[in-house]
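Engineer: Have a look at this prediction, sequence included:
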Amino acid sequence: MKEQLLKIKEDALKELGGVKTLTELNDLRVKYLGKAGALTAILRGMREVAPEDRPIIGALVNEVRESLENAIKERGESLETEALNARLASESVDITEPSRGQARGALHPVTRVLDKLISSCVDMGFSVVQGPEVETDYYNFEAMNIPKNHPARDMQDSFYITDSILLRTHTSPMQARELEVRKPPFKIVVPGATYRNDSDSTHSPVFHQMEGLVVDEHVSMADLKIMLNELMKRVFGEGTKTRFRPAFFPFTEPSIELDVTCPTCHGEGCRICKGTGWLELLGAGVVNPKVLEMSGVDSRKYKGFAFGIGIERLAMVLNGVPDLRTLFKNDIRFLNQMR
Ligand code: DAH
């Protein structure tokens with residue numbers, strides 16, 4: 001029995017030397033130390049051992065078990081270290097490898113122009129308000145002193161939803177809405193989408209405007225001129241010159257249109273400004289007293305001036321875009337050129 005035990009120990013240690021994985025190690029443990037293992041079998045055979053020999057054999061069994069357990073534990077630890085080292089080596093990261101880079105998003109040219117205009121106006125003390133794009137005929141036309149038979153109401157120009165509801169054709173209706181609820185003096189700008197049934201290289205059915213309205217007791221054409229000159233310098237740069245031409249809008253009296261020196265050629269004349277050196281930019285004027293009165297503002301006490309800027313035209317000019325509609329095709333290759 002003693003020889004048997006020593007043989008088991010010798011065999012087990014020899015086998016242990018050849019064990020290469022934790023699974024193999026576990027199989028070995030089961031083979032020698034498990035319930036049906038070689039050592040356990042010996043213990044079961046203790047009955048046949050002479051009583052006086054039992055303590056000696058028992059001690060030997062324990063010694064063999066202990067040394068096997070220790071050897072297996074040691075082997076297990078070194079196998080685990082080996083496995084960890086192998087994993088560290090195979091999963092190492094090469095920090096010198098160049099990165100794939102990241103695509104950077106950018107704001108849409110129309111958004112950029114709008115942001116610039118809005119922040120310039122905010123710097124000049126204006127509040128920003130927004131209004132409904134689905135508008136009533138009353139605010140879109142009537143309250144802006146555009147009479148029933150005015151050509152701007154033509155079904156071909158406006159997207160009517162019902163007889164009295166349409167997609168707003170300009171941001172001007174917000175003048176009336178704000179005049180009704182605000183107490184003068186106030187200065188507001190209204191950026192937003194507007195809609196007209198028009199589509200060619202300089203018109204899109206959906207476009208954007210920014211409306212401005214200033215109401216106070218002593219507001220004049222001179223204030224309008226000073227304010228717009230300042231705004232144009234902030235948006236296009238110090239050297240920008242302006243030109244005011246007489247115009248007609250039902251909601252302003254007198255009305256003007258404003259031209260700025262072309263930001264591309266600075267007045268020399270180029271493709272963008274069709275050789276004139278000037279760009280027609282916005283409509284403006286002193287608010288028609290009828291507009292104030294219709295919205296409940298005393299036109300003897302208060303005056304106002306207003307302006308409306310088309311945003312797409314500006315985005316086109318500033319980015320050299322020849323066809324307005326390309327701004328809304330969402331072709332990423334096109335938009336990427338205008339970061
Ligand atoms: N609402 C006009 C348009 O769509 C633009 C405009 C002109 C707005 C003169 C104004 C203004 O506030 O005073 O074309």
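Structural biologist: Sure, I can see it.

Engineer: which residues does Leu16 contact?
Structural biologist: Contact partners of Leu16, counting by C-beta atoms under 8 Å, 6 or more residues apart in numbering, are 25, 28, 71-72, 75. For the C-beta atoms, the positions are set from N, CA and C on the backbone; glycine is no exception.

Engineer: For stretch 230-241, measure first residue to last.
Structural biologist: 10 Å (C-alpha to C-alpha, to the nearest Å).

Engineer: buried residues in that stretch?
Structural biologist: Neighbour-count burial for stretch 230-241, counted by 16 or more other C-beta atoms under 10 Å, picks out 231-236, 240.

Engineer: next one: stretch 247-259
Structural biologist: 249-252, 255-259.

Engineer: pLDDT-wise, which helix or strand of this structure ranks last?
Structural biologist: Across the helices and strands of the chain, mean confidence by mean pLDDT, DSSP states H and E is lowest for helix 38-44: a mean of 82.

Engineer: So what touches it?
Structural biologist: 1, 4-5, 8, 12, 31-34, 61, 64-65, 68.

Engineer: Show the subsequent helix or strand relative to it.
Structural biologist: Tracing the chain C-terminally past helix 38-44 and defining elements by DSSP states H and E, one meets helix 54-90 next.

Engineer: Please name the bridge partners of the residue nearest to Phe244 when sequence neighbours are not counted.
Structural biologist: The shortest distance from Phe244 to any non-neighbouring residue, by C-beta to C-beta, 6 or more residues apart in numbering, is to Ile256 (4.7 Å). According to DSSP bridges, the partner residues bridging Ile256 are Pro246, Ala284.

Engineer: Out of the buried residues of stretch 230-241, which comes closest to Val317?
Structural biologist: Comparing those against Val317 with C-beta to C-beta picks out Phe236 as the nearest, at 9.5 Å.

Engineer: Show me which of the contacts of helix 38-44 are buried.
Structural biologist: 5, 8, 12, 32-33, 61, 64-65, 68.

Engineer: Include pLDDT and distance to Gly285 when you put those residues into CSV, please.
Structural biologist: CSV is the format used below for the buried ones among the contacts of helix 38-44 (pLDDT from 0 to 100; distance: C-beta to C-beta, whole Å):
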residue, pLDDT, distance to Gly285
Leu5, 84, 113
Ile8, 87, 109
Ala12, 88, 104
Tyr32, 88, 103
Leu33, 87, 101
Val61, 84, 111
Val64, 86, 109
Arg65, 88, 105
Leu68, 88, 103
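
Engineer: Redo the residues you listed as TSV? Include distance to the ligand.
Structural biologist: Output for the buried ones among the contacts of helix 38-44, formatted as TSV (distance: C-beta to the nearest ligand atom, whole Å):
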residue	distance to the ligand
Leu5	105
Ile8	101
Ala12	96
Tyr32	94
Leu33	92
Val61	103
Val64	101
Arg65	97
Leu68	95
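
Engineer: Report the secondary structure state of the residue lying closest to Arg339 once chain neighbours are set aside.
Structural biologist: What sits nearest to Arg339 in space, not counting adjacent residues and going by C-beta to C-beta, 6+ apart, is Ala106, at 4.8 Å. What DSSP: H, G, I helix; E, B strand; the rest coil gives for Ala106 is coil.
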